[in-house]
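Chemist: fold the following, please.
(one chain, ligands or ions: 1)
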Amino acid sequence: MSHLDNIPSTPGKFKMEKSPYINRLRLHSSLAKLTFWSFVFLGLILIFFFRSPSSNPLPSDLSRRSLRTSSWGGPAWEKRVRSSARVRARNGISVLVTGAAGFVGTHVSAALKRRGDGVLGLDNFNDYYDPSLKRARQALLERSGIFIVEGDINDVALLKKLFEVVAFTHVMHLAAQAGVRYAMENPGSYVHSNIAGFVSLLEVCKSANPQPAIVWASSSSVYGLNTKVPFSEKDRTDQPASLYAATKKAGEEIAHTYNHIYGLSLTGLRFFTVYGPWGRPDMAYFFFTKDILKGKSITIFEAADHGTVARDFTYIDDIVKGCLASLDTAEKSTGSGGKKKGSAQLRVFNLGNTSPVPVSDLVSILERHLKVKAKKNIMKLPRNGDVPFTHANISSAQRELGYKPTTDLQTGLKKFVRWYLSYYSGGKKASG
Ligand SMILES: NC(=O)c1ccc[n+]([C@@H]2O[C@H](COP(=O)([O-])OP(=O)(O)OC[C@H]3O[C@@H](n4cnc5c(N)ncnc54)[C@H](O)[C@@H]3O)[C@@H](O)[C@H]2O)c1
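Modeler: Residues are numbered from 1 along each chain as shown. As a prediction, this is how the structure comes out:
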């Protein structure tokens, strides 16, 4: 019989004669067990640290979405940055476009490049919506010589490096967490990109030499509840209806501070429901198109007492003209090395279309262009961030930027549908 046959499964019940061999065996066995349990505990501690939300200052979803950055730096990378930002036109400007792989960012970047300005993009390619659409926009820009650096606006070291490599005259800041309803799912992402990220960018801009002039995207959502239409820049904006709106409003206040203390030239643009080719899949006109084509029913909201929900839909090309005019009329920042030398420009403009269209009319236009009848489901507008009506007063932008929207919804949607059909039938799948 082997000596080991005496060892019961429960250690506490271990009875045997006291031989030195058995004692050695006990010692070895205890050491082995101790080592085994130490490893188990160590493993559990490691699992706890890697999985616990408290070990990570950002919600896990947020860190997954936003801080995924690829490596940057090195001579080849700097060469690409310089070449993309090189100004080719006489009197051209060199612009850092944040959110360049986004809907508006792609169009603005392409338009700047077309007129000979230097453009460098920055985007973290997060997965708030189908990242393959962002990659396709990136490929489009790459074909016209625009490099999009993959990184987060909260990465101050990266931003500083970009300003070291290129003396940007302007920043077109479009990187943000957009969408009204997603704020209930992932509130941290709004604070991360729209507040913390904006502050990081302003911090780097304020210390840059020379300081750039900054044009950034605010939103019509700042008008919030109880604003009379048409919305004017003079109206109160202290009753935001969503966290998205609150972070955009915070951005406007933060801009005021950096203008006041550091002499940064800042222009905020309140966009009104922008639509068009290469648009955002989370917006109604986009997912209505997708669902109508699939034969799925779409939900159309109505306001209280069967009231109409309407939007001042603005075509992307008109928005791009407003962005370029803002960059062209932006005065220089007045500070240097983080110190203000004199007062600087601070502006806010509505960029809308000035003709609100009921969402039910939007659906009728889509049905005509798609040649498919929609299956409609009418529901009360939930109180989770959307306002029933938007309508821009654009007289300030008209006066100071020469802004004049020229595309009506019928024409703009025709262009969108043409793009949608060719993009998604060309081997690409609809998102979601
Ligand atoms: N499209 C509209 O109807 C509309 C209306 C009002 C305001 N806006 C504002 O206009 C701007 C552009 O909107 P869009 O429709 O092009 O949205 P978008 O989501 O298509 O573009 C934003 C881009 O920014 C990037 N981004 C987000 N957070 C980032 C971060 N922390 N660091 C680096 N990149 C980041 C995203 O990956 C995305 O590509 C946003 O500020 C948005 O809030 C848009």
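Chemist: need the distance between the two termini of stretch 369-387.
Modeler: Using Cα to Cα, to the nearest Å, one end of stretch 369-387 lies 27 Å from the other.
Chemist: in that stretch, what counts as buried?
Modeler: Neighbour counts over stretch 369-387 (16 or more other Cβ atoms under 10 Å) mark 369-370, 374, 381, 385-387 as buried. Yep, even glycine has a C-beta here, placed from its N, CA and C like the rest.
Chemist: same question, stretch 184-194
Modeler: Within stretch 184-194, the residues that qualify as buried are 186-194, counting by 16+ other Cβ under 10 Å.
Chemist: check whether it comes near the ligand.
Modeler: Yes - part of stretch 184-194 sits near the ligand under the criterion Cβ under 6 Å from any ligand atom, namely Ser193.
Chemist: end to end, how far does that stretch reach?
Modeler: First residue to last in stretch 184-194 (Cα to Cα) measures 15 Å.
Chemist: picking that back up, the buried residues of stretch 369-387 in strands, which ones?
Modeler: The subset of the buried residues of stretch 369-387 located in strands under the criterion DSSP state E is empty.
Chemist: nearest to His173, of those?
Modeler: Relative to His173, the closest of the buried residues of stretch 369-387 is Gly385; by Cβ to Cβ it sits at 22.7 Å.
Chemist: which residues does the closest one contact?
Modeler: Neighbouring residues of Gly385 by Cβ atoms under 8 Å, 6 or more residues apart in numbering: 180-181, 183-184, 241-245.
Chemist: between those residues, which is nearest the ligand?
Modeler: Nearest to the ligand among these: Tyr244, at 7.4 Å, using Cβ to the nearest ligand atom.
Chemist: does that closest one touch Asn186 like I think?
Modeler: No - at 11.0 Å, Tyr244 and Asn186 do not qualify as touching, with contact defined as Cβ atoms under 8 Å.
Chemist: redo the contacts of Gly385 as CSV? Include distance to Tyr423.
Modeler: Compiled in CSV, those are given as follows (distance: Cβ to Cβ, whole Å):
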residue, distance to Tyr423
Val180, 25
Arg181, 25
Ala183, 28
Met184, 30
Ala241, 32
Ser242, 29
Leu243, 31
Tyr244, 27
Ala245, 30
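Chemist: buried among those? Make that a PyMOL selection.
Modeler: To isolate the buried members of the contacts of Gly385 in PyMOL, using 16+ other Cβ under 10 Å:
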select buried, resi 180+183+241+242+243+244+245
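Chemist: save the contacts of Gly385 as a markdown table, and put in pLDDT too.
Modeler: Listed next are these as a markdown table, based on pLDDT from 0 to 100:
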| residue | pLDDT |
| --- | --- |
| Val180 | 92 |
| Arg181 | 92 |
| Ala183 | 95 |
| Met184 | 93 |
| Ala241 | 92 |
| Ser242 | 94 |
| Leu243 | 96 |
| Tyr244 | 96 |
| Ala245 | 96 |
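Chemist: now do the contacts for the residue of the chain found nearest the ligand.
Modeler: Nearest to the ligand in the chain, going by Cβ to the nearest ligand atom, is Gly102, at a distance of 2.0 Å. Residues in contact with Gly102, defined by Cβ under 8 Å, 6+ apart, are 123, 134, 137, 174-175, 178, 280.
Chemist: which of the contacts of Gly385 fall within helices?
Modeler: 243-245 (DSSP state H).
Chemist: which one of those residues is nearest to Lys341?
Modeler: Checking these one by one against Lys341 (Cβ to Cβ), the nearest turns out to be Ala245, at 34.2 Å.
Chemist: my guess is the closest one contacts Val222. True?
Modeler: Yes - counting by Cβ under 8 Å, Val222 is a contact partner of Ala245 at 5.7 Å.
Chemist: any stretches of the stretch 301-432 of the chain with poor pLDDT?
Modeler: Within the stretch 301-432 of the chain, the stretches with pLDDT under 70 are 426-432.
Chemist: switch to 50 and redo it
Modeler: The model of the stretch 301-432 of the chain has pLDDT under 50 over residues 430-432.
Chemist: how about the CA coordinates for stretch 416-428, as PDB?
Modeler: Presented in PDB, the C-alpha positions along stretch 416-428 are these (Å, rounded to 0.1, in the frame of the first residue of the first chain):
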ATOM      1  CA  PHE A 416     -28.900  62.100 -49.800                       C
ATOM      2  CA  VAL A 417     -30.900  59.200 -51.200                       C
ATOM      3  CA  ARG A 418     -28.700  59.000 -54.300                       C
ATOM      4  CA  TRP A 419     -25.600  58.700 -52.100                       C
ATOM      5  CA  TYR A 420     -27.300  56.200 -49.700                       C
ATOM      6  CA  LEU A 421     -28.300  53.900 -52.500                       C
ATOM      7  CA  SER A 422     -24.900  53.900 -54.100                       C
ATOM      8  CA  TYR A 423     -23.000  53.600 -50.900                       C
ATOM      9  CA  TYR A 424     -25.000  50.700 -49.400                       C
ATOM     10  CA  SER A 425     -25.400  48.900 -52.700                       C
ATOM     11  CA  GLY A 426     -21.700  49.100 -53.500                       C
ATOM     12  CA  GLY A 427     -20.900  46.200 -51.200                       C
ATOM     13  CA  LYS A 428     -21.300  48.200 -47.900                       C
END
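Chemist: mind listing what's buried along it?
Modeler: By neighbour count on 16+ other Cβ under 10 Å, the buried set for stretch 416-428 is 416-417, 420.
Chemist: among the residues you listed, which lie within strands?
Modeler: Per DSSP E, the buried residues of stretch 416-428 never map to strands.
Chemist: which of these sits closest to Lys339?
Modeler: Phe416 (46.9 Å).
Chemist: which residues are in contact with Pro382?
Modeler: Contacts of Pro382 by Cβ under 8 Å, 6+ apart are Phe301.
Chemist: I'd like to know how far it sits from Met283.
Modeler: From Pro382 across to Met283, the span is 17 Å (Cβ to Cβ, to the nearest Å).
Chemist: again with Asp305
Modeler: With Cβ to Cβ as the criterion, Asp305 and Met283 are 26 Å apart.
Chemist: and Pro358, by the same measure?
Modeler: The gap separating Pro358 from Met283 is 16 Å, by Cβ to Cβ.
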